[in-house]
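Enquirer: Next come a sequence and a model predicted from it.
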Amino acid sequence: MNTIFSPYKIKNINIKNRIVLPPMVRFSLVKKDGLVTKELVNWYEDVARNGVGLIIVEASCVASDGKLRPNQIGIWDDSFIPGLSEIAKICHKWNVPAIIQIHHAGFKEDIATVEEKVLDNILDQFLEAFRRAKKCGFDGIEIHGAHTYLLSQLNSHLWNTRKDKYGGNFQKRMYFNKELIERTRDLFDEDFILAYRMGGNEPHLEDGVEIARYLESIGVDLLHVSSGVPDPAYKSEIKIDLPEEFPLDWVIYLGTEIKKHVDIPVIGVRKIKTEKDASWLIENGYLDFVAIGRGLIARPHWMKWAKKQFKRRKNLLFKK
């Protein structure tokens, strides 16, 4: 039986356990120039030093006009390479693979009216950002295709009602993803992972399953299932029909369901804070990896704490 402490290998990348630091955008540690700060490097070192299995570096923007907020790290020109390289180096110092999330905030509901040449230009910016990411020494790239940002907008049949190459039927809504992956395929050798953070509800679970299968078919190595453009019919925080018996968050449920339909590994994320919940997901085969976000911000030594909790829980079970 696998546990949260079991190793995993993707291509040639050895991951020593099943706990992932998801891309947590640390606005308080970044200035408006988008450059990596010493404080940001130190925070990643705290997490790496304490034994997490995989680090996904926070959303790095491909364009100065595509940020979430002014103080978000960038990757839109070569001036960002030195700082980002420091993060990769500090993770490797502690034997933790690090991949970097590549991001553009997009245009929300207006995605249907954006000029085609604007999207062409952003696609080129993604291509350039991918090549910079590899120069920085990371172990891979995560495409940000969730949370109603650019790729999520394009993937969504609610918002993407375009009539050009970027929208229409499912294949056209996937055009940006396919072009991006096909035109950077030379980067993804056995030492470089391609991950994708996707919306499991885009807007429904069945749409998420279709997207996941497609991404696997075009070469994605690792799926990170989060939320997408929701169905507006859901007025509460929960944006899907969640079975009453499922004990955890609805976004985690999306990940567990999507895992049933793909052969590549799946990361689940959202509101997992305890070792017990993370272990339940891994030990029962519901997920391959569990992302701990706010828990690792509050407690960078979460892995050491979890190991103590794990041993205590197993000892109690053994005594019973």
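Expert: That came through fine.

Enquirer: residues making contact with stretch 255-270?
Expert: Contacts to stretch 255-270, defined as C-beta atoms under 8 Å, 6 or more residues apart in numbering, come from residues 8, 10, 20, 22, 195, 200, 205, 208-209, 212-213, 216, 220-227, 249-252, 281, 286-291, 293. Yep, even glycine has a C-beta here, placed from its N, CA and C like the rest.

Enquirer: got a list of what the residue lying closest to residue 130 once chain neighbours are set aside touches?
Expert: Spatially, and ignoring its direct neighbours in sequence, residue 130 is nearest to residue 184 (4.7 Å; C-beta to C-beta, 6 or more residues apart in numbering). Residues in contact with residue 184 (C-beta under 8 Å, 6+ apart) are 127, 130-131.

Enquirer: what about the helices in the stretch 51-200 of the chain?
Expert: For the stretch 51-200 of the chain, helices defined by DSSP state H, counting those that start in this stretch occupy the ranges 81-93, 116-135, 150-155, 170-173, 175-182.

Enquirer: Deepest in the core, which of those helices is it.
Expert: Ranked by mean neighbour count, the helices of the stretch 51-200 of the chain are led by helix 150-155 with a mean of 26 (mean count of other C-beta atoms under 10 Å).

Enquirer: Now do the strands in the chain.
Expert: Along the chain, the segments classed as strands by DSSP state E run 8-10, 13-15, 19-21, 54-61, 98-103, 140-145, 193-199, 222-226, 266-268, 289-291.

Enquirer: okay if I get those as a markdown table plus mean pLDDT, distance to residue 40 and mean neighbour count?
Expert: What follows is those, written out as a markdown table (pLDDT from 0 to 100; distance: least, C-beta to C-beta, whole Å; neighbours: other C-beta atoms under 10 Å):
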| stretch | mean pLDDT | distance to residue 40 | mean neighbour count |
| --- | --- | --- | --- |
| strand 8-10 | 98 | 25 | 16 |
| strand 13-15 | 98 | 23 | 18 |
| strand 19-21 | 98 | 13 | 26 |
| strand 54-61 | 97 | 9 | 26 |
| strand 98-103 | 98 | 13 | 27 |
| strand 140-145 | 98 | 18 | 26 |
| strand 193-199 | 98 | 20 | 26 |
| strand 222-226 | 98 | 21 | 29 |
| strand 266-268 | 98 | 22 | 26 |
| strand 289-291 | 98 | 19 | 27 |
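
Enquirer: do you know which of these lies nearest residue 158?
Expert: Of all these, strand 193-199 sits nearest to residue 158, with 11.0 Å by C-beta to C-beta.

Enquirer: quick one, the closest one and strand 140-145 angle?
Expert: If you take axes from the mean of the first three to the mean of the last three C-alpha atoms, to 10 degrees, strand 193-199 sits at 20 degrees to strand 140-145.

Enquirer: got the strands of the chain as CSV, with distance to residue 78 columns?
Expert: Listed next are these as CSV, based on distance: least, C-beta to C-beta, whole Å:
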stretch, distance to residue 78
strand 8-10, 28
strand 13-15, 25
strand 19-21, 26
strand 54-61, 13
strand 98-103, 15
strand 140-145, 17
strand 193-199, 22
strand 222-226, 27
strand 266-268, 30
strand 289-291, 30
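
Enquirer: so which of those strands comes closest to residue 174?
Expert: strand 140-145 (10.0 Å).

Enquirer: Let's see that closest one as CSV, backbone CA atoms only.
Expert: Provided in CSV are the C-alpha atoms of strand 140-145 (Å, rounded to 0.1, in the frame of the first residue of the first chain):
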residue,chain,number,x,y,z
GLY,A,140,9.4,20.9,-15.7
ILE,A,141,6.6,23.3,-16.4
GLU,A,142,3.0,23.5,-15.3
ILE,A,143,0.6,25.2,-17.6
HIS,A,144,-2.1,27.2,-15.7
GLY,A,145,-5.3,26.1,-17.3
